[in-house]
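In: Prediction below, plus the sequence it came from.
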Amino acid sequence: MFGDGARCVAVVGAQWGDEGKGKIIDVLAEQATIVARYQGGANAGHTVHVGEEEFILHLIPSGVLYPDVRCLLGNGVVLDPWTFLEERDALIERGLDLEGRVGISSRAHLVLPYHKQLDAAQESTRGGKAIGTTGRGIGPAYRDKAARIGLRVGDLADLTRCVDVVRQGTAAANSILASLEADVRVRPEEVLESLREVAPEILRLKTDVGAEIRSDISGAGRVLLEGAQGALLDIDHGTYPYVTSSSTTAGGAASGVGIGPTMIDEVLGVVKAYTTRVGNGPLPTELQGDEADRLRDLGGEFGATTGRPRRPGWFDGTVVRYAAGVNGLTALAVTKLDVLDSFDRIRLAFDYELAGRHFDGFPDAARDLARVTPIYETLPGWLTSTAEARRFPDLPDHARRYLRRIEEVAQTPIRYVSVGSARDQTIFLDARNAATV
Ligand code: IMP
Ligand code: MG
């Protein structure tokens, strides 16, 4: 990526999140000057392994493990200040020096305690139609942002001027809580008081993220824009209403940090060699029973934020082809190939049928996606460990054939293949070879 002269690369999830973006960003960050998150909040869980150590990051960008990388949280992020400070302090306790390395956009909206209460109350009344949110207050925080009753990082500088907004926000929250028959109510004074406690620490990190990135790129900088969740959880392009509340796709990367789309040179889509989803909503290639358990156990498919078991399925080419389109992917990173090492046959869906007919494109309604029948092909497994492979030719023939098929059905060249959680378990394919692996 950066090796081919790119200055700004967006790294996005091209399935339902948990594709392994954290690891890929950590690997690419070695060459980066800035890593900036552009959307989402503490709903994300990015797991990064360095040596024997495991880090699970929720808000702080996955570049944080390199001492010279500056980590920014863009305006598109919703910041829970308490969770953020906890995460930051835990990293400092583990020996990381974060002084001068973390910046937060003054335009980023705050997730307030009542957003979490609303998230929980709303989910509990949805019954069988629950979205399966992470409970981090994400949807309610973005709703207040759109309703123009949100508080932003910059507002922390003068909370006395925020009294009216906080009153409006808590009044709106209380009326929703009352209508849901939830027994909690929020008081504006409490919200203001707790914000006063965290304001100085957050304000110390306040910055103009867009301006920093633009100036870095015009110098010698190399910038990674870090997505959270995935294309199928995008508020517009995902499986609405079973989505998160932000623009997870590459278009959101530019507006979520404050640069123009023309500044993004490459868009790297991260996909697992199979599929998982956590939370509710349609998943056409979902597996049940023993095969699901096996894939879940081998892949360690339990949510990094909530610990919930993820729903596993075969690779869905229609999903990734769609994600390639809505993101303008220039390349793919395929992760967790090693998880498939012991399967003697591997299925891959390349198309859908709906009501007995070929379905062209991707359904715009979740209820249609729930009704499609994936068309599968079955490929032979390789039944050898790929964990030691470091170059593409090291991979067994059948693994290469599987990857080649992924490129074809996704109509996107593969640039990275990950065969384990360690940094060095990463195969790089150069741009020339990618299209013909
Ligand atoms: P929310 O983002 O907490 O509102 O949850 C909305 C949906 O997105 C739920 O299905 C969550 O499980 C899913 N989701 C949110 N964040 C992540 C993530 O980081 N990985 C995978 N799924 C996520
Ligand atoms: Mg995750």
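Out: Done, it's in. Residues are numbered from 1 along each chain as shown. Ligands and ions are numbered 1, 2, ... in the order given.
In: could you pull out the strands for the stretch 151-300 of the chain?
Out: 206-207, 223-226, 266-272, 275-277 (DSSP state E, counting those that start in this stretch).
In: Could you single out the most deeply buried of those?
Out: Counting by mean count of other C-beta atoms under 10 Å, strand 223-226 has the highest mean neighbour count of these, with a mean of 30. Placement of C-beta: from N, CA and C, glycine included.
In: Quick one: distance of that strand to the chain centre.
Out: 12 Å (C-alpha atoms, centre = their mean, to the nearest Å).
In: Run me through the strand neighbours of that strand, direction for each.
Out: Note on strand 223-226: by DSSP bridges, its sheet partners are strand 8-13 (parallel), strand 34-37 (parallel).
In: who wins for proximity to ligand 2 among those strands?
Out: When the strands paired with strand 223-226 are ranked by proximity to ligand 2, the top entry is strand 8-13, at 8.5 Å, counting by C-beta to the ion.
In: Could you export the closest one as PDB, CA atoms only?
Out: As requested, C-alpha coordinates have been extracted for strand 8-13 and formatted as PDB (Å, rounded to 0.1, in the frame of the first residue of the first chain):
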ATOM      1  CA  CYS A   8      -3.600   7.900   2.700                       C
ATOM      2  CA  VAL A   9      -5.200   4.500   3.000                       C
ATOM      3  CA  ALA A  10      -8.600   3.700   4.400                       C
ATOM      4  CA  VAL A  11      -9.000   0.300   6.000                       C
ATOM      5  CA  VAL A  12     -12.600  -0.800   6.200                       C
ATOM      6  CA  GLY A  13     -14.500  -3.900   7.200                       C
END
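In: can you tell me the average pLDDT over it?
Out: Over the span of strand 8-13, the pLDDT mean works out to 98.
In: helix or strand right after it?
Out: Scanning forward in sequence from strand 8-13, with DSSP states H and E defining helices and strands, the next element found is helix 21-28.
In: Mind giving me the packing neighbours of that next one?
Out: Using 3 or more C-beta pairs under 8 Å, 6 or more residues apart in numbering; DSSP states H and E as the contact criterion, the neighbours of helix 21-28 among helices and strands are strand 8-13, strand 46-50, strand 223-226, strand 266-272, strand 331-335, strand 414-418, strand 426-428.
In: Show me how far that helix is from its chain's centre.
Out: Per C-alpha atoms, centre = their mean, the displacement of helix 21-28 from the mean C-alpha position of its chain is 12 Å.
In: Send over that helix as PDB, restricted to the C-alpha atoms.
Out: Extracted as PDB, the C-alpha positions of helix 21-28 are listed here (Å, rounded to 0.1, in the frame of the first residue of the first chain):
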ATOM      1  CA  LYS A  21      -9.000  -4.800  11.000                       C
ATOM      2  CA  GLY A  22      -7.100  -4.300  14.200                       C
ATOM      3  CA  LYS A  23      -4.400  -6.700  13.200                       C
ATOM      4  CA  ILE A  24      -4.100  -5.400   9.600                       C
ATOM      5  CA  ILE A  25      -4.000  -1.800  10.800                       C
ATOM      6  CA  ASP A  26      -1.400  -2.800  13.400                       C
ATOM      7  CA  VAL A  27       0.800  -4.300  10.700                       C
ATOM      8  CA  LEU A  28       0.300  -1.400   8.300                       C
END
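In: Show me what that helix is in contact with.
Out: When contacts are taken as C-beta atoms under 8 Å, 6 or more residues apart in numbering, the neighbours of helix 21-28 outside the stretch itself are 1-2, 9, 11-13, 35, 46-50, 57, 61-63, 65, 224, 226-228, 268, 270, 333, 335, 416, 418, 421, 423, 426.
In: Done for today, thanks.
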